[in-house]
Every structure is written in C-alpha cells, then in structure tokens.
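*Asks:* quick one, fold the following:
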Amino acid sequence: MAGDVRRAAALLPVEHPARVLAEYVLEVTGRLLAVRLEGTVRCAQDRARLVRELYQHLDRLSDLTPHTTAAP
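*Replies:* Numbering: from 1, shown residues only. Okay, the predicted model is just below:
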C-alpha cells in the first residue's frame, strides 16, 4: 500500500502540496511500521488505522493523477 502511495506521489510535481503531504505520511508510516508487532487488539487497530489512512491518501493522489493505477 505504501508503495502505491509513493508511486502516485511521484507523478506530481516536487513542490505540489499533495506530494509533500504524501512524503510526510510515508515517513511517519515507515516509523510506525518499524515498531515491533504485538499480539494485542490495540496493535491490530493501530495497523488498521494506518492502512485506512494510506488508502485515503492514495484516493486523493489518484484524483490528482488520473493515470495512476493501484495494485490489487
């Protein structure tokens, strides 16, 4: 999912606000994914929120870059 966001953001100009935001989100995502998984409901919920946020950003980027296609 993060790769899809990264590819969609790369289609925008470097200074485009959506690209800057996507790069920030990817940086935060990388830090969050580096945290060790725990077998708790809270950990699963945190990962689910992260995936939902990535999908939301991908949707926004896809609206700005009509040639972007997400991997299934």
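*Asks:* contacts and neighbour counts: CA atoms only from here.
*Replies:* OK.
*Asks:* alpha carbons of stretch 53-64, as PDB, please.
*Replies:* Presented in PDB, the C-alpha positions along stretch 53-64 are these (Å, rounded to 0.1, in the frame of the first residue of the first chain):
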ATOM      1  CA  GLU A  53      -5.000   6.400   6.200                       C
ATOM      2  CA  LEU A  54      -2.800   5.100   3.300                       C
ATOM      3  CA  TYR A  55      -5.900   4.200   1.300                       C
ATOM      4  CA  GLN A  56      -7.300   7.700   1.900                       C
ATOM      5  CA  HIS A  57      -4.100   9.300   0.700                       C
ATOM      6  CA  LEU A  58      -3.900   7.100  -2.300                       C
ATOM      7  CA  ASP A  59      -7.500   8.000  -3.200                       C
ATOM      8  CA  ARG A  60      -6.600  11.700  -3.000                       C
ATOM      9  CA  LEU A  61      -3.500  11.300  -5.100                       C
ATOM     10  CA  SER A  62      -5.300   9.200  -7.600                       C
ATOM     11  CA  ASP A  63      -7.800  12.000  -8.100                       C
ATOM     12  CA  LEU A  64      -4.900  14.400  -8.800                       C
END
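*Asks:* what mean pLDDT does that stretch get?
*Replies:* The pLDDT scores in stretch 53-64 average 81.
*Asks:* who touches that stretch?
*Replies:* 1-2, 4-5, 8-9, 18, 22, 68-69 (CA atoms under 8 Å, 6 or more residues apart in numbering).
*Asks:* and that stretch, how far out from the chain's middle?
*Replies:* Remark: stretch 53-64 is offset 8 Å from the chain centroid, using CA atoms, centre = their mean, to the nearest Å.
*Asks:* okay, buried residues for it please.
*Replies:* Using 16 or more other CA atoms under 10 Å as the test for burial, stretch 53-64 gives 54-55, 57-62.
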